[in-house]
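> Let me see the structure of the following:
(one chain, ligands or ions: 2)
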Amino acid sequence: MSTDRSVESPPETPLSGDDGFAAALAARDVPFVFNLPGTQTLSLLRKMAENPAGPRAIFIRHEQAAAYGAVGYAKVTGSPAVCLAVPGPGATNMLTGVASALADGIPLVVATPQVPAELLGRGVLHDADLRALFAPTVKAVVEVDAPEDLGPGLARAIDLSLTPRQGPVQLLFPSSFLVTRIDGFELPDEPDSVRQPAMADLDAARALLQTARRPIIWAGDRVHFAGAREALRELAEALGAPVVTDEMARGVIAEDHPLAIGTASFRAMPEVLAEADVCVAVGTAFPEWSTVSWTMPVPQSLVHLNDEPGVFNVNYPATVTVAGDLAASLTHLVAALAGQGAPSDDWGAARVARARDSGTAAIAADRAAYVDADRGMHPGDVVGALRAALPADVLVCTDGSATGNWLSEESFPVLASCGMLQSDVFKETGSALCAGMGAKLAAPEREVVVVQGDGGLLFQLGELASLCHNDIKLIVVIFDDGFFNADRIYQEYVFGGRESDCALFNPDFAAVATAFGLHGENVTSLAELDASLRDALKRNSSTVIAAKVDPMALPYRLRSRIEVWRRRTAAAQAASTDSGRNGARVTSS
Ligand SMILES: Cc1ncc(C[n+]2csc(CCOP(=O)(O)OP(=O)(O)O)c2C)c(N)n1
Ligand SMILES: [Mg+2]
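Ligands and ions are numbered 1, 2, ... in the order given. Sure, this is the predicted structure:
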C-alpha cells in the first residue's frame, strides 16, 4: 500500500462509497462504465457526471450490450472496462457477455451491486444469488464487506482481470455501499505483472529453431495485447517463416506482408502446415475454430511462447515452452537467430505466394461452378466490395453468423491490428453492434464497421439508439439474406431439413435506421453498396446499410464445419443406440 493513494473525507463534502469507485476508475485509467441505470447505481452515475474529465458512463439499452461493449473495448486496448447493472435481472442480462469474455480470455470488471445480505432469499425486489450465478463465468470474485473498501476492491478487481489468464472479474458489493458515508479509503498500488522469460527456455527454443528447414509461426491475440506485433514480424523475417494467425488475432501481421499466410480457414493452410517442420506458436491457445476443430497438422516440433502459460500442452503438445513477456521472448529470439533466413528456397515468401495463388484459383473455381439464381449479391463479392471501399486500418466487428464466415475468406485481407474483432469460443450472434460501440470508444480515430447478419441485428436492435445517445459513429453493414443462415446451412447439409425452420421475418432496415435518427439504405447491387460505403465514410454520424445477399452460397469455412457436425451427429446417434436405458438423474434440487 502506498500512502499517496489514500483519500480522506473533507468535512464540508463527505465522501461515500461511490467516490472510492470513481477514484479507482481514474487511478487505473479505466475510461468507461457501460451501464443501464437503476435506483442502485444512480448516485455513482451522478458522481461521474460531476467530473466530465473523468471516466464516462456509456448508457446502453440492454445490459447484455454493457458486457459486449466492455469486451469490444478490451479487445482493442487490452485493458478492462467496467460493466454495471442493477441487481437481479440487470445483472443476469450481462451473463452472456461475461461468459464469452472468460472463454476468450478478455479482461473486464462486472460490477454487481447486490440487495442487502439480510434480505437475500426472502423475495426482496431483484433477489438473486449473484455470486452463485456468476461463479462459473468469472475468473475471480472480489467481494466487498465495507463501504470504504469499494474503491480498493474495484482497483483489485481491475488488476486481477489483467493477471494470467486474463478474464472477467466480478465486483460484488451491497448496493447501499455506494451511498454510505466513509471517512476515507486507500487504493492499492498497481502490481507489476510482467514476467520475464527464463534464459534456459529461450536457449532451448533457439536450439530447436536452428534445426528448422521449413519453420512456421502460429500467432494468437496475445501478440497484440503484449505489444509484440513488430517483434513478431521481425522473427518471421529472421526465420523466413510463414505466419498463420488465429481468427481473433487477424492483423497481428498485415495480411499483405509477403510472409503472412492468413488463418486456418484459408484454403492452402493444411498443405503448408503439413510441409512445415518446426512451429513457433506465439500467444495462442490453439482454440477450436482457429484450428478447424484441431484438425490442422501443426508440426510436432513445437515451440510455444506465451505470457499465459496455462494454455501450454492443452491442445497441441509442445517440445519447448517459454512462459513470460512475449515482446521480450520474441526480441531475444530475433537477436539470437538474426541472419538465419529460410534454409529452403521453396519456403518463406515463395511458399506464401504459391499458397495465395492457389487460394485465388480455388475461389475463382468455386465461383465459376456457382449457379447464380439472382437471389441477391454473392456474399463473397460483398466482402470484396467492403475491402475495396474501406480504409486499410478499418476495424471490423462481426459475430456468430454465416456472414462472419464470409469475412474469413481470403477476399478480406486484414491489414491492421484488431482489424477483425470476433469471439472465438462463444461466437454469440448479435454481439457485433455492441462490441463495435466499445471498439469505437477504444479507437475513435479509426473507422469501425460492424458487419453482421439480419438475424443478429435484431438481437440488439435497441442499441441503434445508443449510437445516437452516446454520439458513437459506426457503419453497420447488414447481410440481408432472410435467414438465420448459418443454421439454415446446417439444416440443409447436416439434417436435410426444411429451410423455413430458419427463415426470418425482416423489417425494412433502411426505414428502421431512419426511425432511430440514423442514415439508412437498402442496397441490391455492388455499385450501390460501394457508393453507400463511400458516403458513410464521409458522414460524421452512423449509417446502416442493408445489403441483399444470396443465402444459398456456402462460405468455405462452413464446409469443414459441416463435416465436423456430420461426424458429431453420427457419433451421437451411434452413442444413443449403444447406451441403452440409463435414465435421467436429478443432480440438484
Ligand atoms: C446468442 C446466440 N444464439 C444462437 C446462436 C446460434 N446461431 C449461430 S449462427 C446463427 C444465425 C445468425 O443469423 P444471422 O445473424 O442472420 O447471420 P447469417 O448466418 O444469416 O449470416 C445462430 C442463431 C448463437 N451463435 N448465438
Ligand atoms: Mg441472416
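
> Which residues does the residue of the stretch 401-550 of the chain found nearest ligand 2 form beta bridges with?
Closest to ligand 2 within the stretch 401-550 of the chain is Gly453: 3.6 Å, counting by Cβ to the ion. For every residue, glycine as well, the C-beta is placed using N, CA and C. Per DSSP bridges, the residues bridged to Gly453 are Phe479.

> Any idea how many residues pack against the residue of the stretch 451-589 of the chain found nearest ligand 1?
Closest to ligand 1 within the stretch 451-589 of the chain is Gly453: 2.1 Å, counting by Cβ to the nearest ligand atom. Counted with other Cβ atoms under 10 Å, residues neighbouring Gly453 total 29.

> And the pLDDT at the residue of the stretch 401-550 of the chain closest to ligand 2?
In this prediction, Gly453 carries a pLDDT score of 98.

> which residues touch the longest helix anywhere in the chain?
Using DSSP state H to define each element, the chain has its longest helix at helix 556-579. Contacts to helix 556-579, defined as Cβ atoms under 8 Å, 6 or more residues apart in numbering, come from residues 265, 267, 292-293, 295, 366, 402, 405, 408-409, 486, 489-490, 493-495.

> can you tell me which two in those residues are farthest apart?
Arg267 and Phe495 (26.2 Å; Cβ to Cβ).

> Between the two, which is the more surrounded one?
Remark: of Arg267 and Phe495, Arg267 carries more neighbours, 20 against 12, as counted by other Cβ under 10 Å.

> about what we covered before: could you export the longest helix of the chain as CSV, CA atoms only?
This file holds the C-alpha atoms of helix 556-579, laid out as CSV (Å, rounded to 0.1, in the frame of the first residue of the first chain):
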residue,chain,number,x,y,z
TYR,A,556,-15.6,-22.1,-47.5
ARG,A,557,-15.0,-22.3,-43.7
LEU,A,558,-18.5,-23.7,-43.1
ARG,A,559,-17.7,-26.7,-45.4
SER,A,560,-15.2,-28.0,-42.9
ARG,A,561,-17.7,-27.2,-40.0
ILE,A,562,-20.4,-29.2,-41.8
GLU,A,563,-18.0,-32.2,-41.8
VAL,A,564,-17.4,-31.7,-38.0
TRP,A,565,-21.2,-31.6,-37.4
ARG,A,566,-21.9,-34.6,-39.5
ARG,A,567,-19.2,-36.6,-37.6
ARG,A,568,-20.5,-35.4,-34.2
THR,A,569,-24.1,-36.1,-35.2
ALA,A,570,-23.2,-39.6,-36.3
ALA,A,571,-21.3,-40.2,-33.1
ALA,A,572,-24.3,-39.0,-31.0
GLN,A,573,-26.6,-41.2,-33.0
ALA,A,574,-24.4,-44.2,-32.5
ALA,A,575,-24.0,-43.5,-28.8
SER,A,576,-27.7,-43.4,-28.2
THR,A,577,-28.2,-46.8,-29.7
ASP,A,578,-25.3,-48.3,-27.7
SER,A,579,-26.1,-46.8,-24.3
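
> OK, contacts around the residue of the stretch 401-550 of the chain closest to ligand 2?
Asp399, Ser401, Ala402, Thr403, Thr429, Ile478, Phe479, Asp481, Phe484, Asn485, Ala486.

> next one: stretch 89-104 to chain centre, how far?
13 Å (Cα atoms, centre = their mean, to the nearest Å).

> buried sites along it?
Buried residues in stretch 89-104, counting neighbours by 16 or more other Cβ atoms under 10 Å, are found at 90-104.

> In helices, which of these fall?
90-93, 95-104.

> Which single one of the residues you listed is nearest to ligand 1?
Nearest member of those to ligand 1, counting by Cβ to the nearest ligand atom, is Thr96, at 6.6 Å.

> wait, isn't that closest one in contact with Gln64?
Yes - using Cβ atoms under 8 Å, Thr96 is in contact with Gln64, at 5.8 Å.

> For the residue of the stretch 401-550 of the chain closest to ligand 2, give its distance to Pro413.
22 Å (Cβ to Cβ, to the nearest Å).

> sec struct for Ser344, please.
Secondary structure, DSSP: H, G, I helix; E, B strand; the rest coil: Ser344 is coil.

> Count the neighbours of Arg567 for me.
Neighbours of Arg567 under the rule other Cβ under 10 Å: 11.
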